[in-house]
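In: Below are the sequence and a predicted model; questions follow.
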Amino acid sequence: MSIYVGNLSYEVTQEDLSAVFAEYGSVKRVNLPTDRETGRVRGFAFVEMSTETEETAAIEALDGAEWMGRDMKVNKAKPREDRGSFGGGGGGGRGGRRNNFSKGY
């Protein structure tokens with residue numbers, strides 16, 4: 001299981017998060033997503049710890065805690081939803097040339 005950490009400062013690093021969560025157990029992994037275009041941290045992260053007991057302790061201690069000038073939102077991460085394929089089903093377009101033919105062009 002993974003922990004969702006939201007409302008993070010845009011200055012936060014993986015090392016910062018590891019250090020905070022290490023106080024509650026062994027941190028296995030930190031995922032700190034960045035914006036594709038700007039490279040800037042997106043303001044949330046996912047932290048994996050070694051045991052569920054450690055995760056629970058971290059969630060209880062850190063949810064709502066102020067850190068780096070912000071009140072963190074910390075809870076169990078929800079499973080990622082399958083968004084399906086891009087496009088959302090055929091057709092599309094705005095008619096294109098068909099409209100021109102109806103006008104006699």
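Out: Yes, it's here. Numbering: from 1, shown residues only.

In: doesn't F46 make contact with G6?
Out: No: assessed by C-beta atoms under 8 Å, G6 is found out of contact with F46, at 10.2 Å. Glycine gets a C-beta too; all of them are placed from N, C-alpha and C.

In: residue contacts, T34?
Out: For T34, the contact set (C-beta atoms under 8 Å, 6 or more residues apart in numbering) comprises R40, V41, R42.

In: and what of L62?
Out: Taking C-beta under 8 Å, 6+ apart as the test, what L62 contacts is V5, V20, F21, Y24, M72, V74.

In: Distance check, A61 against E81.
Out: From A61 across to E81, the span is 28 Å (C-beta to C-beta, to the nearest Å).

In: Have a look at those two and say which one is more surrounded.
Out: A61 (14 against 6; other C-beta atoms under 10 Å).

In: mind showing which ranges of the protein have poor pLDDT?
Out: The model of the chain has pLDDT under 70 over residues 83-105.

In: mind listing the strands in it by residue range?
Out: Assigned by DSSP state E, the strands in the chain fall at 3-6, 27-31, 45-49, 66-67, 70-71, 73-76.

In: would you list those in JSON lines and tack on mean neighbour count and distance to T56?
Out: What follows is the strands of the chain, written out as JSON lines (neighbours: other C-beta atoms under 10 Å; distance: least, C-beta to C-beta, whole Å):
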{"stretch": "strand 3-6", "mean neighbour count": "21", "distance to T56": "9"}
{"stretch": "strand 27-31", "mean neighbour count": "16", "distance to T56": "15"}
{"stretch": "strand 45-49", "mean neighbour count": "21", "distance to T56": "9"}
{"stretch": "strand 66-67", "mean neighbour count": "12", "distance to T56": "19"}
{"stretch": "strand 70-71", "mean neighbour count": "13", "distance to T56": "20"}
{"stretch": "strand 73-76", "mean neighbour count": "15", "distance to T56": "9"}
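
In: picking up where we left off before, separate out the buried members of the contacts of T34.
Out: Neighbour counting over the contacts of T34 (16 or more other C-beta atoms under 10 Å) leaves V41 as the buried ones.
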